[in-house]
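Undergrad: just need the structure, nothing else, for what follows:
(one chain, ligands or ions: 1)
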Amino acid sequence: MRISVPTIPAAILSSTSSAKPISPAAAVERIASFLASGNVATVTGAGVSVDSGIRAYRGSKGRYLNPNYKPIFYQELVDATKKGFAFRQRYWLRSYLGYKPVRDALPNTTHYALAALQYTNIIPKLITQNVDGLHHKALAGIWDEARMNQHILELHGSLHKVHCSHGHIVDRDTFQDRLSVANPQWKAYMDELEATGQRPRTNPDGDVFLEGVDYGTFKVPECPDCLLESRLNSILKPELIFFGESIKREVRDRSQLDVENCSRLFLVGTTLATYSAFRLVKHALELKKPVLLLNVGPTRADPLSGVEKIELPSGTVLRDAVRTVLGSRAIQDSVVDAMLHSGVVRPPIDDD
Ligand SMILES: [Zn+2]
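TA: I've put the predicted structure just below:
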């Protein structure tokens, strides 16, 4: 099996930006005119969630923000040997400590601006590489779950569900409670971190950076449904795609179909370092669809001709672009109006 760690080729990182400088006002006009004709498929990445306090993997220079970042490989996580058992203790302890900040994160102005475009059907299909569920949160109470699932595709899965190797699925909050019950000493540690306002450095996938701890003391409880079937040592894994793990065929096919059925492709806050997202851009270009990319910093799509790039943070321009596209509806439709007045702006404090 081919394992690829998402990277942006060094040649792109060392080259100067491919985007011509553009003023925010001109960017608003350009984005609005791109979106105006509708039927826009949209792909989002980690950059979209930064204003919600979730750190992106890469900064504005395209390099990993956490120099110690090492992706978690699927093969290690599901390894049935003793080594795999120890790996899962380490994974689940870090994820246990990192889940709450991701769970409690709130949609920001970009999520709500995109939600307004989804609600008005300008963006009928949104594909996200994020596992934080924030696009869903921005539409909570407006769309039911079935409708959200129809219009939002989580390309890399979700952090909010956990499944065992025998197909039992549990929601993450319940699983988090099980981890707390099994590990009172780590629960106390987490409570103390929270009480003192300390936050471990968290990656967008909920993994935290942790040093000098004994992972061996962490207990990952058995799957209760498996216990009922007298099965032990079932492997528990969040429902997200790890490096080295294949995306389900139906998810891949659906993402491809979303691109085929759209008139144009809008990319927001993504470096397109993962191939599953990059191939969608290539597919759109093959089909001669216009592609607009809104991202700060180098991306894997920079060398591709046919990709128009605007190098500005989405938080500074997208909401105004949506107001321009929707015109009077942005004020008269109370749902849209509320969306365009919603959203936190709380980027992680020590970002580059
Ligand atoms: Zn099970």
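
Undergrad: distance-wise, check S276 relative to T42.
TA: 15 Å (C-beta to C-beta, to the nearest Å). The C-beta positions use only the backbone N, C-alpha and C, and glycine is treated the same way.

Undergrad: of these two, who's got more company?
TA: Legend: neighbour count by other C-beta atoms under 10 Å for S276 and T42, higher for T42 (26 against 19).

Undergrad: hey, what's that one bridged with?
TA: Beta bridges link T42 to L126, F266, judged by DSSP bridges.

Undergrad: just how off-centre is stretch 232-252 within its chain?
TA: 16 Å (C-alpha atoms, centre = their mean, to the nearest Å).

Undergrad: for that stretch, which positions count as buried?
TA: Within stretch 232-252, the residues that count as buried by 16 or more other C-beta atoms under 10 Å are 234-245, 247, 251.

Undergrad: just the closest of these to the ion, please.
TA: S234 (4.5 Å; C-beta to the ion).

Undergrad: got the residues of the stretch 101-250 of the chain near the ion?
TA: C164, H166, H168, C223, D225, C226, S234 (C-beta under 5 Å from the ion).

Undergrad: quick one: the fifth one and S165 touch, right?
TA: Okay, so that is D225. No: contact criterion C-beta atoms under 8 Å: D225 and S165 do not qualify, at 11.6 Å.

Undergrad: pLDDT weak spots in the chain?
TA: For the chain, residues meeting the criterion pLDDT under 70 lie at 1-9, 11-18, 59, 62-69, 350-352.

Undergrad: how does it divide into domains?
TA: 1-54+107-156+247-352, 66-104+157-240 (automatic domain parsing).

Undergrad: buried residues in stretch 209-225?
TA: Under 16+ other C-beta under 10 Å, the buried positions of stretch 209-225 are F218, V220, E222, C223.

Undergrad: straight-line length of that stretch, end to end?
TA: One end of stretch 209-225 to the other measures 31 Å (C-alpha to C-alpha, to the nearest Å).

Undergrad: hmm, who's touching it?
TA: 66, 68, 86, 88-90, 92-94, 96-97, 164, 166, 168, 170, 178-179, 181-183, 185-186, 200-203, 231-234, 236 (C-beta atoms under 8 Å, 6 or more residues apart in numbering).

Undergrad: before we move on, the earlier item: name the nearest of the buried residues of stretch 232-252 relative to E145.
TA: Taking C-beta to C-beta as the measure, E145 lies nearest E239 of the buried residues of stretch 232-252, at 15.1 Å.
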